[in-house]
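> any chance you can model this:
(one chain, ligands or ions: 1)
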Amino acid sequence: MLRYVTTNPGKVREAERYLPDGSVERLDFDYTEIQADALGPIAARGAREAYWHAGEPVLVDDAGLFVEGLDGFPGPYSAYVEETLGFERVHELVADLDDRRAAFRCTLGYCDGEGFAASPDPVDRGDRNAAAAAGPGEDGGRQDGDRRDGDELPVKLFEGYVPGRIVAPRGDGGFGYDPIFEHDGETFAEMDTDRKNAVSHRGRALEKFAEWYADR
Ligand code: ITT
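Down below sits the predicted model:
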């Protein structure tokens, strides 16, 4: 069984459309999100921690909204900004800018404790020195020695991207920043799940993952 590790049920609703019925189940586990200026290292670190927690194959999903006129902000800080400001104030911040173009990015990190054959998608193999310096994690259940080994587990990454622009909130579907993100004339909150999946950052990343996972 593959565990889709997230505190956000909206992500799993979208992911289920790409994976065979009954092959994925959500695991509500809040892995540590390290501070980084890109999504890949956050997803890789999260996938290792989630794998050690779950003890079975895991997929983590790190996503963010990158606004051009704000030099990519909130990007990897999107969850914190949504919790503190909310999407309405993000729209207000952007409303007066000349450049309201934005993109959603999603990086999926897969870990099952094994290595990977060469393929075009990146594999994060961790950093021994950084892992040793960080020391053991706090999620318990494993011995410290095991944990350090775990920090070197390879994680396969799958990336997806969708361009759009920030608009006044419209629609009541989806989640997160969906009401203020417009793609092709509609906000993500105005689209149903299949329509959003067909164009979204998560859909693109899941498509690559599902194709690869079928042979795993
Ligand atoms: P987990 O980390 O537990 O998976 P999260 O909701 O905190 O859940 P992220 O850190 O990946 O997930 O999300 C960053 C923010 O971007 C957060 O505020 C999400 O609601 C938002 N977000 C992610 N994907 C989105 C999408 O498809 N549409 C709208 N907002 C999205």
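> from here on, contacts and neighbour counts on C-alpha atoms
Will do.
> what about the longest helix in this structure?
For the chain, the helix with the greatest residue count under DSSP state H is helix 39-54.
> are the next helix or strand after that helix and the ligand in contact anywhere?
Per DSSP states H and E, helix 39-54 leads on to strand 58-67 as the next helix or strand towards the C-terminus. Yes - using C-alpha under 6 Å from any ligand atom, strand 58-67 reaches the ligand at Asp61, Asp62, Ala63, Gly64.
> beta partners for the residue nearest in space to the middle of the chain?
Taking C-alpha atoms, centre = their mean, the centroid of the chain lies closest to Asp62, which sits 1.8 Å from it. Listed by DSSP bridges, the beta-bridge partners for Asp62 are Thr107.
> wait, it touches Ala43, no?
Yes - Asp62 sits in contact with Ala43 when judged by C-alpha atoms under 8 Å, with a separation of 5.7 Å.
> overlap of the contact sets of these two?
Contact criterion C-alpha atoms under 8 Å, 6 or more residues apart in numbering; residues shared by Asp62 and Ala43: Thr107, Leu108.
> contacts only, for the residue nearest to the centre of the chain.
Counting by C-alpha under 8 Å, 6+ apart, Asp62 touches Leu39, Ile42, Ala43, Cys106, Thr107, Leu108.
> and the closest residue to Glu16 other than its chain neighbours, what does it touch?
Sequence neighbours aside, Val24 is the residue nearest to Glu16 in space, at 7.1 Å (criterion: C-alpha to C-alpha, 6 or more residues apart in numbering). The neighbours of Val24, taking C-alpha under 8 Å, 6+ apart as the test, are Met1, Leu2, Arg3, Tyr4, Glu16.
> check what pLDDT the third one gets.
This means Arg3. Arg3 carries a pLDDT value of 97.
> oh, and call the first residue 8 from now on, that's how I've got it
In the new numbering, first residue 8, that becomes Arg10.
> what secondary structure does it sit in?
Under the three-state scheme (DSSP: H, G, I helix; E, B strand; the rest coil), Arg10 adopts strand.
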